[in-house]
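Chemist: Fold the following, please.
(one chain, ligands or ions: 1)
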Amino acid sequence: MLPYRVLEKLLRQAVQDCLPEANSANVLVKPCADPKHGDYQTASLMPLAKERRLNPRQLASDVVARLRLPSWVLQVEIAGAGFVNFRISAAILMECLNAAARGEHLFFEPVERPLTIVIDFSSPNVAKPMHVGHIRSTILGDGLARTCRLLGHRVITDNHIGDWGTQFGKLLLGWKQSSDRTSLQRDALEQMERIYRGINAACEADPAMLEKARHELVKLQAGDSENLKLWREMIERSQAQFADIYRRLGVHFDYTLGESFYNPRLKLVVQELQNRGVARESEGAMAVFFDDIPELKAHPALIQKNDGAANYMTTDLATLQYRVENWKPDEIVYVTDGRQQLHFKQLFTVFRRWRPDLQLKLAHVWFGAILGEDGKPFKTRSGDTIKLTDLLDEAEERAFRVVSEKNPGLDEQQRYEIARIVGIGAIKYADLLPNRQSDYTFSWDKMLALNGNTAPYLLYAYARIRSIFRKHGAATDSSTASNTPMTPADLSAEEEVILVKHLLSFGLVLEAVAEEYRPNYLCNYLYELAGYFARFYENCPVLKADEPQKQTRLLICDLTSKVLKQGLNLLGIETAEQM
Ligand code: ARG
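Modeler: Presented below is the predicted three-dimensional model:
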């Protein structure tokens with residue numbers, strides 16, 4: 001067991017002894033923010049004391065008095081308002097390194113209680129090209145799914161594509177009016193967008209046109225065979241284009257259940273909500289009112305319009321019902337932009353009233369906008385929305401120039417492959433690094449810089465460590481290193497100790513990412529890791545060191561590269577052995 005887990009377990013026991021009625025599962029151990037205070041810290045005793053009107057420092061000292069600590073804890077200290085800090089020995093660090101070398105862990109452990117977590121992300125709309133707004137949902141959702149999965153949760157990813165709704169009335173009308181069938185064959189998505197723009201303008205200008213579009217929609221909803229056929233064609237063509245982007249991004253979904261999948265449930269959902277008294281009729285429509293919730297008071301949720309049509313909310317309620325029935329999740333996570341905050345607040349509140357019996361965590365993980373360098377929403381020079389394919393192409397082209405400059409000796413094919421990894425990686429990393437709730441400015445120069453908190457920097461750090469092993473003649477990797485018994489005295493240099501302690505926090509960072517849905521914690525962790533490694537490598541000879549130090553240091557190099565690779569993989573970023 002990793003040291004923080006051991007400490008957590010002992011603390012929970014001690015808390016249970018002191019406060020038998022307390023929920024000790026909430027007692028958590030984190031790395032100390034400032035290493036001056038120790039290696040690990042718990043802040044969990046203070047809220048426990050506060051709830052019971054106890055003196056927090058007194059509770060801390062009662063708990064500490066009951067801790068039966070292992071010999072590797074060098075020091076326990078009660079600090080501030082009731083924190084408890086721990087300092088651990090170099091011996092336990094060596095033990096962890098050796099266990100990692102034996103493949104027992106990579107500085108993280110599976111969670112004790114695996115959950116079933118549904119992650120609803122990407123979810124683009126049919127008949128519209130995927131644009132940069134969808135990229136954040138795709139990259140963020142994929143990163144969260146990968147992290148939760150690695151920690152041992154059962155993750156179900158579901159792409160809730162927008163394949164139903166009022167836009168199809170206009171699209172059908174536009175499609176039927178379009179004479180240019182050949183270009184529809186060639187670049188369907190671009191043409192569909194062009195058709196949509198044209199017909200939308202026409203509908204705005206001419207109420208008769210709008211009426212015609214509505215008529216097409218009614219026909220589609222009534223199951224008109226020609227309209228259904230055209231609708232299916234639009235979906236298929238869109239899906240093909242989406243699939244190509246997901247392939248390039250390395251993103252995979254367990255399910256792609258679009259909005260239309262839930263059509264057969266909509267009427268029943270509205271009826272059930274009415275029967276249960278959750279929804280009521282209002283001016284011919286059906287709505288849920290939130291008079292008791294100040295922030296929602298002015299925003300009732302419409303679940304059926306006065307013409308009987310269902311909407312986005314109805315579909316999301318039916319989707320929830322389906323997921324609960326079929327997947328029995330503990331948690332459902334929705335990844336969309338911040339403009340949908342009200343929608344999800346309404347949705348979650350309606351669902352709680354509908355199913356008060358369920359212990360289901362619902363989370364809206366929202367994010368800010370991507371801005372251009374002029375501070376306005378990211379657009380092309382002519383003001384069009386930027387298409388994702390073009391963006392990925394440009395990233396790879398630009399990365400090719402960076403890679404060629406850095407390492408002109410590599411053959412062209414190799415440089416193309418590295419550029420693909422660096423280019424796509426740079427886009428993903430730039431997207432994941434900022435606090436997701438703030439807008440961020442898209443800058444090619446920043447994201448492709450070889451220095452700074454960027455994907456190219458981390459990828460280069462990784463390749464550099466791998467080059468140590470190439471120099472070493474590949475004679476040593478962790479498997480041979482593990483045969484050499486090592487003594488704690490081997491960790492002599494300060495830079496070594498700092499680096500190894502940082503490796504040991506990997507699992508805690510992953511848990512924080514999963515808990516708060518913030519992959520930026522992992523980005524910063526990896527950036528720090530690369531920095532600590534650079535300092536270690538500058539100050540501690542590796543290949544020139546004497547045995548057994550050389551073995552230990554090679555092991556540290558190897559494990560650092562493994563954590564870098566694993567961490568980047570969780571961000572959806574591939575690695576290259578050379579750069
Ligand atoms: N298709 C929607 C959009 O592009 C996002 C759907 C998010 N998921 C959901 N269950 N509502 O805005």
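
Chemist: which residue packs closest to the residue in the stretch 451-579 of the chain positioned nearest to the ligand, ignoring adjacent ones?
Modeler: Among the residues of the stretch 451-579 of the chain, residue 517 lies nearest to the ligand; the distance is 14.9 Å by C-beta to the nearest ligand atom. The way it works is simple: take the backbone N, C-alpha and C, and place the C-beta from them, glycine included. Spatial nearest neighbour of residue 517, chain neighbours left out: residue 365 (4.4 Å); criterion: C-beta to C-beta, 6 or more residues apart in numbering.

Chemist: Show me where the stretch 201-350 of the chain has its strands.
Modeler: Ranges of strands in the stretch 201-350 of the chain, per DSSP state E, counting those that start in this stretch, are 280-282, 285-288, 301-304, 331-337.

Chemist: Take those strands and lay them out in a markdown table including distance to residue 75.
Modeler: Output for those, formatted as a markdown table (distance: least, C-beta to C-beta, whole Å):
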| stretch | distance to residue 75 |
| --- | --- |
| strand 280-282 | 63 |
| strand 285-288 | 56 |
| strand 301-304 | 55 |
| strand 331-337 | 38 |
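
Chemist: out of the ones you listed, deepest packed?
Modeler: Using mean count of other C-beta atoms under 10 Å, the stretch among those with the largest mean neighbour count is strand 301-304, at a mean of 24.

Chemist: Quick one: residues in contact with that strand.
Modeler: 269-270, 273, 279, 285-288, 290, 310-311, 313-314, 317, 346-347, 349-350 (C-beta atoms under 8 Å, 6 or more residues apart in numbering).

Chemist: how much distance is there from it to the middle of the chain?
Modeler: 30 Å (C-alpha atoms, centre = their mean, to the nearest Å).

Chemist: What of stretch 314-321?
Modeler: Using C-alpha atoms, centre = their mean, the offset of stretch 314-321 from its chain centre is 23 Å.

Chemist: That one - what's its average pLDDT?
Modeler: Confidence for stretch 314-321, expressed as mean pLDDT, is 98.

Chemist: That one near the ligand at all?
Modeler: Yes: shown here: stretch 314-321 in contact with the ligand (C-beta under 6 Å from any ligand atom) through 316, 319.

Chemist: Got phi/psi on residue 571?
Modeler: Phi and psi for residue 571, reported as degrees, to the nearest 10, are phi -90, psi 0.

Chemist: do residue 305 as well
Modeler: phi -80, psi 170.

Chemist: Show the contacting residues for it.
Modeler: Applying C-beta under 8 Å, 6+ apart, we find residue 305 in contact with 285, 311.

Chemist: 6 Å - rerun?
Modeler: Listed by C-beta atoms under 6 Å, 6 or more residues apart in numbering, the contact set of residue 305 reads residue 285.

Chemist: What is the burial count for the residue nearest to residue 24 when sequence neighbours are not counted?
Modeler: Spatially, and ignoring its direct neighbours in sequence, residue 24 is nearest to residue 12 (4.0 Å; C-beta to C-beta, 6+ apart). For residue 12, the neighbour count with other C-beta atoms under 10 Å is 20.

Chemist: on that earlier part again, of the contacts of strand 301-304, buried ones?
Modeler: 269-270, 273, 279, 285-288, 290, 310, 313-314, 317, 346-347, 349-350 (16 or more other C-beta atoms under 10 Å).

Chemist: Name the residue of the stretch 151-300 of the chain with the shortest distance to the ligand.
Modeler: For the stretch 151-300 of the chain, C-beta to the nearest ligand atom, closest residue to the ligand: residue 162, 3.6 Å.

Chemist: these two touch, right, that residue and residue 125?
Modeler: Yes: counting by C-beta atoms under 6 Å, residue 162 touches residue 125, with 3.6 Å between them.

Chemist: Distance from the chain centre to the strand or helix carrying the residue nearest to residue 24, please.
Modeler: Following DSSP states H and E, one finds residue 12 within helix 3-18. Between the centre of helix 3-18 and the centre of its chain there are 30 Å (C-alpha atoms, centre = their mean).

Chemist: before we move on, what about stretch 380-397?
Modeler: In this view, stretch 380-397 has its centroid 23 Å away from the chain centroid, taken as C-alpha atoms, centre = their mean.

Chemist: got the contact list for it?
Modeler: 129, 130, 131, 132, 135, 245, 248, 419, 420, 423, 427.

Chemist: In the chain, where's the longest helix?
Modeler: If you go by DSSP state H, the chain has its longest helix at helix 225-249.

Chemist: residues making contact with that helix?
Modeler: 126, 127, 130, 163, 172, 175, 188, 189, 219, 220, 388, 392.

Chemist: Which pair of those spans the longest distance?
Modeler: Spanning the widest gap among those are 219 and 392, at 37.6 Å by C-beta to C-beta.

Chemist: and the two? which has more neighbours close in?
Modeler: Neighbour totals were compared for residue 219 and residue 392, and residue 392 leads with 19 against 16 (other C-beta under 10 Å).

Chemist: as a whole number, average confidence for the helix or strand hosting the more buried one?
Modeler: For residue 392, the element it lies in under DSSP H and E is helix 388-406. For helix 388-406, the mean per-residue pLDDT is 94.

Chemist: swap in stretch 241-248?
Modeler: 94.

Chemist: Go through that stretch and flag the buried ones.
Modeler: Buried residues in stretch 241-248, counted by 16+ other C-beta under 10 Å: 241, 242, 245, 246.

Chemist: same deal with stretch 389-402?
Modeler: 391, 392, 395, 396, 398, 399, 400, 402.

Chemist: Also stretch 212-229?
Modeler: 212, 213, 214, 216, 217, 219, 220, 221, 227.

Chemist: Among these, name the ones in helices.
Modeler: Assignment to helices by DSSP H places the following of these there: 212, 213, 214, 216, 217, 219, 220, 221, 227.
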